[in-house]
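Enquirer: I would like to see how this sequence folds:
(chains A and B)
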Amino acid sequence: MQNFSEVEKEYFEGNFNNYIVTLTDGTKLYVPLEEGNKDYDTIQQWIAEGNTVIDNGGGE
Amino acid sequence: MAVAGATGVITSAELADNAVTTDKLKNDAVTTDKLIDDAITNPKILDETITDAKLDNPGRKNLIINGDMRFNQRGFASDVDNAYTVDRFVYQSSQGDKFTITQDTDVPSGEGFVNSLKFVTASAVTVGASDYFMLSQPIEGVNSAVLNLGTADARTFTLSFWTRSSLTGTFGGAIGNAGTRYYPFTYTISSADTWERKTITIAGDTTGTWATDESHGLILRFGLGVGSDKSETAGAWAAGEFFSATGATSVVGTGSATWYLTGVQVEVGSTASDFEHIQYTEQLKLCERYFEVCGQGASGVAEATNSIAITEKFKTLKRGIPTLSLKASQQCAFRHQASDKTVTPTGLTAPTPSYRGFWTRVDGFSGLTSQGSIESRNNTASRGGFIFADAEL
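Expert: Have a look, this model is predicted:
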């Protein structure tokens, strides 16, 4: 159901702060790490389906 | 000495005090016609004589928010897929680009509506067993708790709505929880291209697990083409997740077919009362629990020459911690070091939202003085809120 193009982890001051989801229309969503947030829950489902999150690490 | 009643008429003066007791009156002897105007005054009504059961849905009654399709805070585009349309109504489908969806001004005459939601089949498709095309509104558990669903005290409720379509026949939908209990329903559109009001009364489900917190409490779905995997016989609660009723008309199956919806209401009781029109700003507040346009009340500091850090309180407490995003192509304006800085932001960095507000960096500026203060200065209509906060279900 989701329109995800890619999902990336964003770090802030070395800590995993949020996901950045890029939708197929180019819109970027800044998703908090919070169960019950529909986008966070959809990311977990997307990962469970075998998709990969981009993780460039926490270096700034 | 006069004989009482000699004239054939007993006047009030001829009756002793307390002569006419309740026991001496036949059942139904005192009809409305025999009461003079203003005969029943407030002091004559016993305490607790007028109960909720004798009133037609007292108090705030509609569990649906934005049922008149008035608010479109996202300014959604017509080619929306698997996303929210007008506030609180989400379109979900198994295939993309099959409908053109717009907020419309075609409404039932004389009912006080301004907007409807319009679907036009952009590309007809034969619905497969696993396909679905539907419009839904999830109702938060804290609001649907009043129905006592899943208990012996489950209350009967009534769905009503206005609809019109270029097609006629039996259409379908379903109402249920987050995936284990559903009640498929049907409604008939008998005249093409004509607004009709539909009502469906449903005895509350006494079984199943129904959330009463900030998660999905009750989900209303209108099927616009649903395959057999997610369709079930109408008119009874069923275990599982269903989006529509077996045999319902497939709007997506006919090219250029239209389907409109407005005046959606779910209320306690077995009758459909008139749609509850509420104040414009009151409705906006209800919508903002799930979606708010921000950025016009922000202040903060320049953290670099090209980035600012801002904080802002939400106008309404959120259902949950929201996702933030930038409104497409929306300028913002800030006052900084005695001059205006107007840009179209390029991104957010490390946003940290909560139920009550957020902090974030906003990128895309140039020429800022690091650590210099900034204040929102959205002084024209084109520089409105530029950050979306989405706490939808």
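Enquirer: pick out the residue of the stretch 251-393 of chain B closest to chain A.
Expert: Nearest residue of the stretch 251-393 of chain B to chain A, counting by Cβ to the nearest Cβ: B:A350, 3.6 Å away. C-beta here means a position set from N, CA and C on the backbone, and glycine is covered the same way.
Enquirer: residues contacting that residue?
Expert: B:A350 is in contact with A:10, A:12, A:17-18, B:360-361, counting by Cβ atoms under 8 Å, 6 or more residues apart in numbering or on different chains.
Enquirer: cool, and B:L167?
Expert: B:L167 neighbours (Cβ under 8 Å, 6+ apart): B:189, B:192, B:249, B:251, B:254, B:257, B:259.
Enquirer: next structured bit after the one helix or strand the last one maps to?
Expert: To tie it back to what came earlier, the one meant is B:W259. If you go by DSSP states H and E, B:W259 is part of strand B:258-268. Remark: after strand B:258-268, the chain's next helix or strand is helix B:280-288, criterion DSSP H and E.
Enquirer: the helix or strand that that next one is followed by pairs with which strands, parallel or anti?
Expert: Downstream of helix B:280-288, the first helix or strand assigned by DSSP H and E is strand B:291-294. Looking at strand B:291-294 with DSSP bridges, its partner strands are strand B:387-390 (antiparallel).
Enquirer: contacts for the partner strand, please.
Expert: Residues contacting strand B:387-390 (Cβ under 8 Å, 6+ apart): A:29, A:39, B:74, B:84, B:290-295, B:312, B:314, B:318, B:322-327, B:348, B:353, B:358, B:360, B:362.
Enquirer: over to stretch B:211-220?
Expert: So stretch B:211-220 is in contact with A:36, B:63-64, B:136-145, B:147, B:149, B:159, B:173, B:175-178, B:210, B:264, B:266, B:319-320, B:393, going by Cβ under 8 Å, 6+ apart.
Enquirer: return the residues of chain A in contact with chain B.
Expert: A:1-3, A:10, A:12, A:17-18, A:27-32, A:34, A:36-40 (Cβ under 8 Å from any Cβ of the partner chain).
Enquirer: and for the residue nearest to B:V251 when sequence neighbours are not counted, the neighbour number?
Expert: Nearest non-adjacent residue to B:V251, counting by Cβ to Cβ, 6 or more residues apart in numbering or on different chains: B:L224, 4.2 Å away. As a burial measure, B:L224 scores 30 neighbours (other Cβ atoms under 10 Å in any protein chain shown).
Enquirer: B:K34 now?
Expert: Neighbours of B:K34 under the rule other Cβ under 10 Å: 8.
Enquirer: quick one, grab the pLDDT at it.
Expert: Note on B:K34: pLDDT of 81.
Enquirer: do A:M1 as well
Expert: Predicted confidence (pLDDT) for A:M1: 52.
Enquirer: quick one: the strands in chain A, in order.
Expert: A:4-12, A:15-23, A:28-32 (DSSP state E).
Enquirer: which of those sits most buried?
Expert: Of those, the one with the most neighbours on average (mean count of other Cβ atoms under 10 Å in any protein chain shown) is strand A:28-32, at a mean of 23.
Enquirer: for the residue nearest the centre of chain A, which residues make a bridge with it?
Expert: Taking Cα atoms, centre = their mean, the centroid of chain A lies closest to A:Y19, which sits 3.2 Å from it. Beta bridges link A:Y19 to A:K9, A:V31, judged by DSSP bridges.
Enquirer: that one contacts A:F4, doesn't it?
Expert: No. With contact defined as Cβ atoms under 8 Å, A:Y19 does not count as touching A:F4 (10.1 Å).
Enquirer: dump the contacts of B:A350 into CSV; add pLDDT and distance to B:T21 as well.
Expert: Formatted as CSV, these follow (pLDDT from 0 to 100; distance: Cβ to Cβ, whole Å):
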residue, pLDDT, distance to B:T21
A:E10, 98, 81
A:F12, 96, 82
A:N17, 98, 79
A:N18, 98, 76
B:T360, 98, 76
B:R361, 98, 81
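Enquirer: from those residues, which is closest to B:T233?
Expert: A:N18 (44.2 Å; Cβ to Cβ).
Enquirer: picking up where we left off before, so how far is B:K118 from the residue nearest to B:V251?
Expert: 12 Å (Cβ to Cβ, to the nearest Å).
Enquirer: also B:L220?
Expert: Applying Cβ to Cβ, the value for B:L220 to B:K118 is 18 Å.
Enquirer: what's the neighbour count on B:S190?
Expert: Neighbours around B:S190, by other Cβ under 10 Å: 8.
Enquirer: that older thread, check which residues of the strand holding B:W259 are buried.
Expert: B:258-268 (16 or more other Cβ atoms under 10 Å in any protein chain shown).
Enquirer: list the contacts for the residue of chain A found nearest chain B?
Expert: Among all residues of chain A, A:F12 sits closest to chain B, at 3.6 Å; criterion: Cβ to the nearest Cβ. Residues near A:F12 by Cβ under 8 Å, 6+ apart: B:349-350.
Enquirer: what do you get if the cut-off is 6 Å, keeping everything else the same?
Expert: The contact partners of A:F12, taken as Cβ atoms under 6 Å, 6 or more residues apart in numbering or on different chains, are B:A350.
Enquirer: distance of it relative to B:I387?
Expert: A:F12 sits 17 Å away from B:I387, going by Cβ to Cβ.
Enquirer: same deal with A:L23?
Expert: A:L23 is 16 Å from B:I387, by Cβ to Cβ.
Enquirer: so the most centrally placed residue in chain B, which state does it fall into?
Expert: For chain B, the residue sitting closest to the mean C-alpha position, by Cα atoms, centre = their mean, is B:I65 at 2.2 Å. Secondary structure, DSSP: H, G, I helix; E, B strand; the rest coil: B:I65 is coil.
Enquirer: also the one 10 residues further on?
Expert: Following three-state DSSP, the label given to B:G75 is coil.
Enquirer: ok and the residue in the stretch 101-250 of chain B nearest chain A?
Expert: Chain A sits closest to B:S215 of the stretch 101-250 of chain B, with a gap of 6.4 Å, by Cβ to the nearest Cβ.
Enquirer: tally of neighbours for that residue?
Expert: Around B:S215 there are 17 other residues, counting by other Cβ under 10 Å.
Enquirer: cool, B:D28 as well?
Expert: B:D28 sits with 6 neighbouring residues when counted by other Cβ under 10 Å.
Enquirer: got it, and B:T170?
Expert: B:T170 has 13 neighbouring residues, counting by other Cβ under 10 Å.
Enquirer: so which helix or strand takes in it?
Expert: B:T170 is part of strand B:169-176 when elements are defined by DSSP H and E.
Enquirer: can I get that strand in PDB? Just the C-alpha atoms.
Expert: What follows is strand B:169-176, C-alpha atoms only, in PDB (Å, rounded to 0.1, in the frame of the first residue of the first chain):
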ATOM      1  CA  GLY B 169     -27.400  -0.400  -8.300                       C
ATOM      2  CA  THR B 170     -26.200  -1.800  -5.000                       C
ATOM      3  CA  PHE B 171     -23.100  -0.300  -3.600                       C
ATOM      4  CA  GLY B 172     -21.100  -1.500  -0.600                       C
ATOM      5  CA  GLY B 173     -18.900  -0.600   2.300                       C
ATOM      6  CA  ALA B 174     -17.900  -2.000   5.700                       C
ATOM      7  CA  ILE B 175     -17.400  -0.700   9.300                       C
ATOM      8  CA  GLY B 176     -15.200  -2.500  11.700                       C
END
